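[1] sequence and computational prediction follow.
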Amino acid sequence: MNNDLSPRQNFKKIKRRKRLRDKLHVNIYVLPNLLTIMNMFFGFYAVIHSIMGDYLQASYAIVAAAIFDLLDGRVARMTRSTSEFGAELDSLSDLISFCLAPSILLYLWALQPFGRIGWLASFFFVACGALRLARFNVQKSVIDKAYFQGLPTPMAAGIVASAVMAFYDLEWDGSGSYILLSMTALLAIVMVSTFPYRSFKDLDFKQRLPFRYLVFGVSLVAIIAMRPEVMLFVTFMTYAVLGAVFGILKIGRQPKLVIDTSEHEH
């Protein structure tokens, strides 16, 4: 009983209980986690529209999910509301939006005529995406933030979504396309590869940067604006191919193992 304890013992007991409550209590920050939920929503929305046969709408939903995925981590850091809970929720949302949703879209839009090979290729995409996310989760505190190890899942999903947009814009039929079957397998492989992909997280846009960065940014926007649906696909594919080529030829900087004492991205 508390009456049998000295004031010092009582204080220690209360302090232990408080530490236990703090461990059990999960701080849920509303704004960044709401953005993460929106990422998940658009991933689910993409799955539903793929099943309904509205593949173009599904591709737009995946792009919307990627935008919210880009925002949630940055908002969390800006508002200093990073948390372990947010990091786990973000990873689960990415699994839905950038692994499951694009694989279902690919299968129903293009790979169904291949039968067993088609759905196995779609599953291979999901499995490699899940492995990529798991590897990122265990390495994010000890790896150079300037580079990703392997193609990021949002970029792989963006390539799938932009491929649908490009095919619709060019009035090409994606069903039964061996090009898309090969693309599915290759995207899965580069996701779990160790090829270095520039993350651009090391760039501080609040500081002065070389003029070439402005020229590059303006040029990229101008190229995409020429024919957005097609050029977006070309831009994403260029990023994926260059990372793979540089990785194979050992050009550029490999991701370094470093000790990062900062909090989780979200």
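    That came through fine. Residues are numbered from 1 along each chain as shown.
[2] next, work out how far apart Val30 and Asp90 are.
    Look at Val30 and Asp90: by C-beta to C-beta, to the nearest Å, they are 15 Å apart. C-beta coordinates here come from the backbone N, C-alpha and C atoms, glycine included.
[3] neighbour count for the two, which is higher?
    Shown here are Val30 and Asp90; by other C-beta atoms under 10 Å, Asp90 has more neighbours (25 against 9).
[4] can you give me the strands for this protein?
    147-149, 196-198 (DSSP state E).
[5] among those strands, which is nearest Leu100?
    strand 147-149 (20.5 Å; C-beta to C-beta).
[6] so what strands line up beside the closest one?
    strand 196-198 (antiparallel) (DSSP bridges).
[7] shaky segments in this structure?
    1-12, 17-28, 141-144, 200-213, 216, 251-266 (pLDDT under 70).
[8] residue nearest the centroid of it?
    Pro154 (3.5 Å; C-alpha atoms, centre = their mean).
[9] tell me how many other residues surround the closest residue to Val75 other than its chain neighbours.
    Leaving aside its sequence neighbours, Val75 sits nearest to Pro32 (C-beta to C-beta, 6 or more residues apart in numbering; 4.9 Å). If you count neighbours by other C-beta under 10 Å, Pro32 ends up with 26.
[10] so Pro32 touches Met78, yeah?
    No - Pro32 is beyond contact range of Met78, at 9.1 Å (criterion: C-beta atoms under 8 Å).
[11] buried stuff in stretch 236-252?
    236-237, 239-240, 243-244, 246-247 (16 or more other C-beta atoms under 10 Å).
[12] turn these into TSV, columns for distance to Pro196.
    Shown next, in TSV, are the buried residues of stretch 236-252 (distance: C-beta to C-beta, whole Å):
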residue	distance to Pro196
Phe236	17
Met237	17
Tyr239	12
Ala240	13
Gly243	7
Ala244	10
Phe246	7
Gly247	6
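[13] which two of those have the greatest separation?
    Phe236 and Gly247 (17.0 Å).
[14] double-check Leu106 against Leu187; I have them as touching.
    No - in this structure Leu106 lies outside contact range of Leu187 using C-beta under 8 Å: 9.3 Å.
[15] who touches both of these two?
    125, 160 (C-beta atoms under 8 Å, 6 or more residues apart in numbering).
[16] quick one on the thing from earlier: got a markdown table for the strands of the chain, with distance to Ala61 and mean neighbour count too?
    Below are the strands of the chain laid out as a markdown table (distance: least, C-beta to C-beta, whole Å; neighbours: other C-beta atoms under 10 Å):
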| stretch | distance to Ala61 | mean neighbour count |
| --- | --- | --- |
| strand 147-149 | 24 | 21 |
| strand 196-198 | 24 | 21 |
